[in-house]
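**Q** what's the 3D shape of this:
(chains A, B, C and D)
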Number of protein chains: 2
Amino acid sequence: MNAPRTRIQAENRARIAAAALDVFSAEGFRGATVDAIAERAGMSKPNLLYYFPTKDAIYREVLERLLDDWLAPLRALDEAGDPVQEIAAYLDRKIEMARDFPAESRLFANEMLRGAPNMIDVLEGDLRALVREKAKVIRAWSAAGKIAKVDPYHLIFAIWATTQHYADYDVQVRAVLGDDGEGRFHDGAAFLRRLFLDGLRPR
Amino acid sequence: MNAPRTRIQAENRARIAAAALDVFSAEGFRGATVDAIAERAGMSKPNLLYYFPTKDAIYREVLERLLDDWLAPLRALDEAGDPVQEIAAYLDRKIEMARDFPAESRLFANEMLRGAPNMIDVLEGDLRALVREKAKVIRAWSAAGKIAKVDPYHLIFAIWATTQHYADYDVQVRAVLGDDGEGRFHDGAAFLRRLFLDGLRPR
DNA sequence: CTTTGTCTTGACCATCCGGTAAAATCGACG
DNA sequence: CGTCGATTTTACCGGATGGTCAAGACAAAG
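**A** Numbering: from 1, shown residues only, chains lettered A, B, ... in the order given. Next up, the predicted model:
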């Protein structure tokens, strides 16, 4: 079943994964029920379990599909580019993801909150290696005087935190700002560019 | 039962709330079981249910106890103080809370991820009012030329996001940095002070 | 010591939920 | 069309979980 062998299998597995993403991200792993996922995917529970053996397997599949997209913006950070522009572009890409794929962000957040039981190996493997590589890039920029000398790891954390906040804490942001359509993403992006590049102290 | 009338009631309700905080923050609302909370509180499930009528009531109690502490650091932002020092101090207080009360932060995050079903009224009420008030303070600082002219709402969001990240995404931070004792909080605080005050662009 | 209300417990129940079995239906291909 | 594997459904099971109940243990006041 791992490699879909028919058209119907490919379609249904994709539909299930999409439905599962919505339900898991909104309710957490334990809060999500197989019935709820099946209903959202437009099929019966036993039918769903024909495609995935267990609830756990669905969850893992969703996490796996997530990961590549998740790491893509950081991968795109280009040593050869202009440092200031690269960082601004990274912020923009991440804010766009928070706006366009909030469920993905929330699912990831849920997994982190629980201690990443299904991702700890990836975090300590691929993710860690990627961050180390990009930290080196940032340090090189610092050393060349292109940006200030700051801890590259905590810089990356700050970029993740500020941008994902607009997805993970969306209720709070909307409650505080009042309903603003999608203006918060635009304003947030503008603010973050300003914050990260120039800080608050008047020049 | 709402107002504890005996010593034992006060003690046990407090023990239950503490245990519930740990369990809810680690497992989410649905993932937490009354049995698990009771065990952690060192009592039987029916005994626990003698003090709180339902699991939901326990959860609401924990959320309520949380809120005052949660808003305290922002409340402490003092218009009369030096703006740069006030913001740096706010960052420090929030980082300390992430280090010393990570369960509180995670519980809050869990609630936000689910759409804040039990807090939406507070978010749109007290929290919103408090943020509006402090936003005015920040805007006054900007107008006086004490800090740059930035959107005060998004500034507050950025402070929340970056500091709480060290509690909510602790697994990820530790996975990326390797185990560092508690150095990450110190380094993170130093980085954030630098970021918020001066930004990345070289001066 | 005894009484009275507080606290605690063991046994139990109903529901929800993940998962299974087997029969029924569908659909691609000869 | 007819066949056979792929897909879907109906009915069901067992364990977990939130919550109840009635009786017993305990503590404080007299």
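
**Q** now do the buried residues in stretch A:195-203.
**A** For stretch A:195-203, a neighbour-count test (16 or more other Cβ atoms under 10 Å in any protein chain shown) marks A:195, A:196, A:197, A:198, A:199, A:200, A:201 as buried. The way it works is simple: take the backbone N, C-alpha and C, and place the C-beta from them, glycine included.

**Q** next, residue A:76: phi, psi?
**A** phi -70, psi -10 (degrees, to the nearest 10).

**Q** in terms of pLDDT, where does it sit?
**A** Model confidence at residue A:76, given as pLDDT, is 97.

**Q** residue A:1 too?
**A** If you check residue A:1, the pLDDT there is 44.

**Q** return the set of buried residues in the strand or helix carrying residue A:140.
**A** Per DSSP states H and E, residue A:140 falls inside helix A:128-143. For helix A:128-143, the neighbour count (16+ other Cβ under 10 Å) marks A:128, A:130, A:131, A:134, A:135, A:137, A:138, A:139, A:141, A:142 as buried.

**Q** which SSE is immediately downstream of the helix ranked longest in chain A?
**A** Across chain A, the helix with the greatest residue count (assigned by DSSP state H) is helix A:7-31. Later in the chain than helix A:7-31, the nearest helix or strand by DSSP H and E is helix A:34-41.

**Q** can you give the contact residues for that following helix?
**A** By Cβ atoms under 8 Å, 6 or more residues apart in numbering or on different chains, the list of residues contacting helix A:34-41 from outside reads A:12, A:15-16, A:18-20, A:22-24, A:27, A:44-45, A:47-49, A:55, A:58.

**Q** again, only this time at 10 Å
**A** Helix A:34-41 is contacted by residues A:12-24, A:26-27, A:32-33, A:43-49, A:51-52, A:54-55, A:58-59, A:62 when judged by Cβ atoms under 10 Å, 6 or more residues apart in numbering or on different chains.

**Q** also stretch A:126-133?
**A** By Cβ under 10 Å, 6+ apart, stretch A:126-133 touches A:67-68, A:70-71, A:74-75, A:77, A:79, A:119, A:121-123, A:152-153, A:156-157, A:160, B:172, B:175-178.

**Q** next, the angle from the longest helix of chain A to helix A:34-41.
**A** 140 degrees (axes from the mean of the first three to the mean of the last three Cα atoms, to 10 degrees).

**Q** just give the nearest non-adjacent residue to the residue sitting nearest the centre point of chain A, would you?
**A** Most central in chain A under Cα atoms, centre = their mean is residue A:105, positioned 4.0 Å from the mean C-alpha point. Distance criterion Cβ to Cβ, 6 or more residues apart in numbering or on different chains; nearest residue to residue A:105, sequence neighbours excluded, is residue A:167 at 3.6 Å.

**Q** the one you found and residue A:176: what is the separation?
**A** According to Cβ to Cβ, to the nearest Å, residue A:167 and residue A:176 sit 15 Å apart.

**Q** how's chain A carved up into domains?
**A** Domain ranges of chain A: A:7-53, A:66-198, per automatic domain parsing.

**Q** roughly how far is the last one from the heart of the chain?
**A** So that's domain A:66-198. How far domain A:66-198 lies from its chain's middle: 8 Å, per Cα atoms, centre = their mean, to the nearest Å.

**Q** measure that domain end to end?
**A** End-to-end distance of domain A:66-198: 33 Å, with Cα to Cα, to the nearest Å as the criterion.

**Q** again, but for the first one
**A** Length of domain A:7-53, first residue to last, Cα to Cα: 19 Å.

**Q** that one close to DNA strand C?
**A** Yes: using Cβ under 7 Å from any atom of the strand, domain A:7-53 reaches DNA strand C at A:7, A:32, A:33, A:34, A:35, A:45, A:46, A:49, A:53.

**Q** please apply the same query to the longest one.
**A** No: for a cut-off given as Cβ under 7 Å from any atom of the strand, domain A:66-198 has no contacts with DNA strand C; the smallest distance is 14.1 Å.

**Q** what segments of chain A are helices?
**A** For chain A, applying DSSP H gives helices covering A:7-31, A:34-41, A:45-51, A:55-75, A:83-100, A:102-113, A:120-122, A:128-143, A:152-168, A:170-177, A:183-198.

**Q** pull out the buried positions in the second one.
**A** Residues of helix A:34-41 classed as buried by neighbour count (16+ other Cβ under 10 Å): A:34, A:36, A:37, A:38, A:40, A:41.

**Q** of the residues you listed, closest to DNA strand D?
**A** Using Cβ to the nearest atom of the strand, residue A:38 comes nearest to DNA strand D of these, at 8.6 Å.

**Q** state the distance from that closest one to residue B:154.
**A** According to Cβ to Cβ, residue A:38 and residue B:154 sit 40 Å apart.

**Q** drop anything exposed from the contacts of stretch A:126-133.
**A** Among the contacts of stretch A:126-133, those classed as buried by 16+ other Cβ under 10 Å are A:70, A:74, A:77, A:119, A:122-123, A:152-153, A:156-157, A:160, B:172, B:175-177.
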